[in-house]
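# build me a model:
(one chain, ligands or ions: 2)
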Amino acid sequence: MQIYKFIVNKPTNNYICRCMAQDGLNMDIQFLPGVGPKRAELLGKELGIITVGELLRLYPFRHIDKSTFVRIADARPDMAYIQIKAKVTRTDLYGSTSGTGAMTPGNNLKFNTVRRMSVWVDDGSGQMEMVFFKGIKWMYERLKAGAEFIFFGKPSTFNGRINMVHPEVDPTAGKPVAGTIITPGSASGTMTGVYTSTERLRNGGVTGKVMNRIMEAALTRCLGYVEESLPEYIMLRYGLTPIHFALRNIHFPKDLNALEKARYRLKFEELFYLQLSLLKQKYIRSREARGIAMPRVGEAFNRCYHALPFPLTGAQKRVITEIRDDMKSGRQMNRLLQGDVGSGKTMVAVLTALIAIGNGYQACIMAPTEVLAQQHYKNIQKFLAPTGVRSALLTGSSKTAERREVHAGLEDGSIGIIVGTHALIEDNVIFRNLGLAIVDEQHRFGVEQRSKLWRKSSAGAPPHVLVMTATPIPRTLAMTVYGDLDVSIIDELPPGRKPVQTIHATESKRIAMYNFMRDQIALGRQVFVVYPLIHETEKVDYQSLEEGIEQIAKAFPFPPYKMAVVHGKMTNDEKNFNMDAFAAGRAHILVATSVIEVGVDVPNASVMVIESAERFGLSQLHQLRGRVGRGCEKSYCVLMTGHKMSKESKHRIELMCATENGFELAEEDMKMRGPGDLEGTQQSGLPISLNIASLAKDGLILNAARAAAEAVLEEDPTLTSDRNQLLRKELRKDKYQVKDYSKIS
Ligand code: ADP
Ligand code: MG
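Numbers count the residues shown, from 1 in each chain. Ligands and ions are numbered 1, 2, ... in the order given. This next block holds a predicted model:
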């Protein structure tokens, strides 16, 4: 769960007055019983919660069922929070030096010298140790031998024995205790929420139990002030519970069924409004934003198409049809093209560009790096040859004379297709009639750069935009991040691809790995060796790269072996020289940093060795692996790691060895890291923070919510009907004031 972070202001007089007035949901939480100014300040600082309204929207990330007890004999350290009912049998106190044995409690025992208290309890099925490091005196005086208590906590192990550290303790007699007295289905319920907490909150006395009490008070006093935020017809149509029921049961579920209903309602609502805001923009754009109508396919397209050395895959054909339909519609195309590495996006880009040409417009193809722009430029030449369309390359390192010529060609329209980097959108680049912009790997372009591109249009309408990405974004995320873009997916690789075998190896296997490389080279293949260079300026990275180069040079001496090197500190000429040498087969090994991550196409390379693979993210690893397996030979990817790895790194490496499916990996990546962190979305980010729904886990609800939003807009695109006034009002809230993505992509 993500918490919505608010900016916490110091209370001003004005502010305090407002709170004193106790106006419903705006009431300061300090006035709730059990809170007070100190805890209120803490909650404000730690969780950004100031008002009761905000408190009610702090949803628990888990619930505890206090109606069931676990027998000590059945307790396992891998269990989540459990509840045990047991009698105290013995209490041991330990001093500052552990291992010296128990202290003897007597009348003059000084509690400030006690460091640890261990309380042994027995429930008839077995014994368990409860361990306390703090508040020992207080606990010591209550946990008398022979008395029965309910202990609530997370089981763990120490020295092979199961125990609980700092459990919550309740007496079983005297006052009602959930679990023994209350049965499921009764009004007060048997489940309580567990809320995000911090060390400071716990130290400040805001324990789980206290949170539950505060929440109960907030619900009792203020739930009545919460207004329904979904129109009744929507609730009826989709079987959603009213907001009062949802809020009460998300905090104190009556039973599991009620909890499910509450969760569903809150998640649905969140995703529904998110989709509604995005789709509304899309709708406005498709109605209002005029686009350049490109009715023809054109001669150039046909010539290229008929000269293709291979038939297009079904997925490529489908995507081109989708693009064609957009371009001839008279509305502006805003399409995201997703396709795994090697799925043949370049081909689609070329044919799309040729449609623009066929209608008398120019097209530009932008890549994130010079190397990639050059690769693209080179790759598309063979496809353009039969068409006679003039193309050119423009990058930061284009020479002045060249540049002048290209500028002139763009201005007079003699250059039809221009490939380049950011240099393409400098202010002095003027197009005669730009009709299409293709952006490769869009996430590397800043928002500013994309909007500049937008302004390049001179046709009286914005150019069509096709954004290509090889970072497979899970569909659920694409629908949200690019909610107002249309999405095309190439979900099929060209035929004849052999799967890439992925192997994990550690340092002890290095010699064997070098032998394997030699065998492959002897078979006429080529090998990539990639080093992490996450921070281009970091010295350590270069050191490991330099050491790596030396090591390989020693293991693969010249003659007969030839090695090419490409890294970020080289000049472009050096980079190109080395890259060309490898691409043309003049070098056996290409040692590189992750600059080759995207786009580089050397079908004869059959081995990808990734050094320090644990330092790469999942999608980066996948991109790198996609550099091999493009020819007809069996290919391999070797992931070299250290012996010690974090749990996450291990998981990543295992996943890489287990699957080659980019979408599967992306889904997993998102589950592991959360969508906000997902590569390729860092810059675009999520339009709003989600409070309860998870894009990784709630795909089904998202689909339902999107369909619901579509249905609403279908019936009432401008949300003017009476029953949709509530929707309008909600959308006016700050968090839905999403910037218009269609204008920046
Ligand atoms: P990516 O989607 O990663 O940009 P590319 O466009 O670079 O993929 O294509 C990868 C390789 O597959 C290229 O060598 C390209 O020529 C080839 N290719 C593309 N489409 C097809 C096809 N339909 N059949 C066979 N090979 C194809
Ligand atoms: Mg590509």
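# tell me which parts of the stretch 501-650 of the chain are close to ligand 1?
Asp601, Arg630 (C-beta under 6 Å from any ligand atom). Every residue, glycine included, has its C-beta placed from N, CA and C.
# same question but for the chain, I mixed them up
Contact residues, the chain versus ligand 1 (C-beta under 6 Å from any ligand atom): 310, 312-313, 316, 339, 341-347, 470, 494, 601, 630.
# and the closest residue to ligand 1 within the stretch 451-600 of the chain, what pLDDT?
When distances are taken as C-beta to the nearest ligand atom, the stretch 451-600 of the chain reaches nearest to ligand 1 at Pro494, 3.3 Å away. What the model reports for Pro494 is a pLDDT of 87.
# so which helix or strand takes in it?
Using DSSP states H and E, Pro494 falls within no helix or strand.
# list the contacts for it?
By C-beta atoms under 8 Å, 6 or more residues apart in numbering, Pro494 lies in contact with Phe310, Thr313, Gly342, Ser343, Gly344.
# pLDDT check: weakest of those residues?
Ranking these by pLDDT puts Gly342 at the bottom, with 81.
# and that one, how many neighbours does it have?
By other C-beta atoms under 10 Å, 21 other residues sit near Gly342.
# same check on the one 4 residues further on?
Counted with other C-beta under 10 Å, the burial measure for Thr346 works out to 20 neighbours.
# which secondary structure state is assigned to it?
For Thr346, the secondary structure call by DSSP: H, G, I helix; E, B strand; the rest coil comes out as helix.
# for it, which non-adjacent residue is spatially closest?
Take Thr346 and drop its neighbours on the chain: the residue closest to it by C-beta to C-beta, 6 or more residues apart in numbering is Asn379, 5.7 Å away.
# against which helices or strands is the longest helix belonging to the chain packed?
Longest among the helix segments of the chain by residue count, using DSSP state H, is helix 256-288. Using 3 or more C-beta pairs under 8 Å, 6 or more residues apart in numbering; DSSP states H and E, the elements in contact with helix 256-288 are helix 243-251, helix 475-481, helix 699-715, helix 725-731.
# following that helix, which helix or strand shows up next?
Using DSSP H and E, the helix or strand that follows helix 256-288 towards the C-terminus is helix 299-307.
# for the record, mean pLDDT for that following helix?
In this model, helix 299-307 has a mean pLDDT of 96.
# so for that helix, what gets flagged as buried?
If you call a residue buried by 16 or more other C-beta atoms under 10 Å, then helix 299-307 has these buried ones: Ala300, Phe301, Arg303, Cys304, Tyr305.
# how distant is that helix from the center of its chain?
On the basis of C-alpha atoms, centre = their mean, to the nearest Å, helix 299-307 sits 40 Å off its chain's mean C-alpha point.
# now for that helix, which elements pack on it?
If contacts are counted by 3+ C-beta pairs under 8 Å, 6+ apart, helix 299-307 sits against helix 345-358, helix 370-384.
# residues near the nearest residue to Tyr238 once chain neighbours are set aside, how many?
Using C-beta to C-beta, 6+ apart and skipping the chain neighbours, the partner closest in space to Tyr238 is Ala708 (5.9 Å). Residue neighbour count, defined by other C-beta under 10 Å, stands at 19 for Ala708.
# give me the local confidence score for Ala708.
We have a pLDDT of 95 for Ala708.
# distance of it relative to Gln275?
Distance of Ala708 to Gln275, given as C-beta to C-beta, to the nearest Å: 8 Å.
# what touches both of these two?
Residues touching both Ala708 and Gln275 (C-beta under 8 Å, 6+ apart): none.
# any idea of the pLDDT on the closest residue in space to Leu618 that isn't next to it in sequence?
Spatially, and ignoring its direct neighbours in sequence, Leu618 is nearest to Asp669 (4.3 Å; C-beta to C-beta, 6+ apart). Per-residue pLDDT puts Asp669 at 76.
# alright, calling it a day.
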